[in-house]
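**Student:** Following is a predicted model, sequence given first.
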Amino acid sequence: MAYLAIVLSFTAVGLLLGLVVVLTMLPSRYVKKHSPTASKEESAVSVQVLVLGDIGRSPRMQYHALSIARHGGSVDLIGYLESTPHPDLLSNPRIKIYPLATPPSLLKSSSLPFIISGPLKVLWQIWTLVHVLGYQTPPARWLLVQNPPSIPTLAIALLVSILRNTHLMIDWHNYGWTILAGTKGRNHPFVQISKAYECALGQAAPTANVTVTHAMKRQLERAPYNVTAPIHVLHDRPAAIFHPLKSLSDRKDFLERLPETRDFASNILAGDTRLIVSSTSWTPDEDFSLLLDALVTYAKQPQQQQQQQQQDTSCPIIAIITGKGPQKAFYEGKIRELQKTGRLPNIRILTAWLSMEDYANLLRCADLGICLHMSSSGVDLPMKVVDMFGSGLPVAAYSGYESFDELVKEGVNGLGFETADKLAAILKRLFSNEGLAELRTLGEGAKKESNLRWDEEWDRILGRVLGVMD
């Protein structure tokens, strides 16, 4: 009996010590400063902004951070540092960047099957997210998280928000499960699990939500998502760095400076060669072959002209494709083959990775923007078109999804296509003498669209929700 009492006593002490250890290991919790003597810095709204991706290639999350800081809030911006972020982020004293450690190269290698590398990569992400969100950063009033990716982001964000007394806001750019379905099919077990996970976390996790379109808001409110927390629609708008061309001399200076356009600058400026720009992440949800096939069709001479041995009357095109991604090398090989076999006469396709400043300059100096984004959910919108409009650049964009007309107004600021032949027809028409007036009209529409800026939209929709505005 005495032995049992001793064992129970030691067990109780052990459990108590274990509880103390666990409690001391829990992350610190957010406590609102109520004291009237608290300084402005101490009472400022604090926000963690999380993107489980490259910060430099996540413009919307960067703009969130800048808007919060502009109103006196403090921001801890968390994500991968694979490319240079927006320059204003780096110079703003209210914004601190916390880089996430990238997974080991072995987990990104194709030598490991997905069934092994996938779970290991998720475990790595769980560890780094918990470490940075829970312990490396101070507790914040809000945690604003980008979705997708959903796994493991939403679950870790929910856990941390509970442990740290933080409000959670999900910014829905798209759905993780529909992106996964693009490569594995909608009936794949991983896709079905991902869908159930995303629906469950969408219902349980957020204090509030933000969506990029009204169509997405309506979808989230219905089955199978059934999100009951408030949903605010915040359309993407361009940041200040994207603005229309101020003078023709600025266009001349930039085209003559940029390596990709230097040799063609005089022809572009004279209107003898057209400059088109497309930004892509080189992923399966953007079918780059649409543009290649359209350019091949555009470059073909009509049969009658071939028989008469007349020179091709199609206006020469310089196409600059910006961005990084997994399919870039594959398509660069296809481009070289098309050029080598003479199927792209009078057309040069160049790939580039530009700084934010040079990319903005390129957009405002181009004749037409091309967007190949195919919405996996049918209800998201491409940020690249927003940046093009901000620069006063009209677009030809893939239009086969529900929310397309929330951004592109057919015949007003751009044109839609769903096939390579339709895109080729658009290029032939706009770059002909007869199409100059139409191209000018679309340009004027894009410039009007550029008057709708991110700051005004963000202030109206989110400023008071996050508490940085009265």
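**Tutor:** Thanks, I have it. Numbers count the residues shown, from 1 in each chain.
**Student:** Bridged to residue 47, which residues?
**Tutor:** Residues in a beta bridge with residue 47, per DSSP bridges, are residue 75, residue 142.
**Student:** How many residues are close by it?
**Tutor:** By the measure other Cβ atoms under 10 Å, the count of residues near residue 47 is 27. The C-beta positions use only the backbone N, C-alpha and C, and glycine is treated the same way.
**Student:** How about residue 262?
**Tutor:** Residue 262 has 11 neighbours, counted by other Cβ under 10 Å.
**Student:** Residue 295 now?
**Tutor:** 23.
**Student:** now swap in residue 329 and tell me
**Tutor:** If you count neighbours by other Cβ under 10 Å, residue 329 ends up with 10.
**Student:** try residue 223
**Tutor:** Residues within reach of residue 223, counting by other Cβ under 10 Å, total 7.
**Student:** Could you tell me which residues make contact with it?
**Tutor:** With contacts taken as Cβ atoms under 8 Å, 6 or more residues apart in numbering, residue 223 has no neighbouring residues.
**Student:** let's see it at 10 Å
**Tutor:** Neighbouring residues of residue 223 by Cβ atoms under 10 Å, 6 or more residues apart in numbering: residue 199.
**Student:** Need the pLDDT of it.
**Tutor:** If you check residue 223, the pLDDT there is 94.
**Student:** Got the phi and psi for it?
**Tutor:** phi -60, psi 150 (degrees, to the nearest 10).
**Student:** Residue 407 is in contact with residue 238, isn't it?
**Tutor:** No - between residue 407 and residue 238 there is no contact under Cβ atoms under 10 Å: 11.8 Å.
**Student:** overlap in contacts of those two?
**Tutor:** Joint contacts of residue 407 and residue 238 (Cβ under 10 Å, 6+ apart) are 383, 385-386, 389, 449.
**Student:** Cross those against helices and list the overlap.
**Tutor:** 383, 385-386, 389, 449 (DSSP state H).
**Student:** Any quick PyMOL command for the buried ones out of these?
**Tutor:** In PyMOL, a selection of the buried entries from those looks like this (16 or more other Cβ atoms under 10 Å):
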select buried, resi 383+385+386+389+449
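**Student:** Could you save the ones in helices among the shared contacts of residue 407 and residue 238 as JSON lines and add columns showing pLDDT?
**Tutor:** As requested, these are exported to JSON lines (pLDDT from 0 to 100):
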{"residue": "383", "pLDDT": "87"}
{"residue": "385", "pLDDT": "93"}
{"residue": "386", "pLDDT": "92"}
{"residue": "389", "pLDDT": "94"}
{"residue": "449", "pLDDT": "89"}
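**Student:** Just give me the closest of the ones in helices among the shared contacts of residue 407 and residue 238 to residue 317.
**Tutor:** Using Cβ to Cβ, the shortest approach to residue 317 within those belongs to residue 385, at 19.8 Å.
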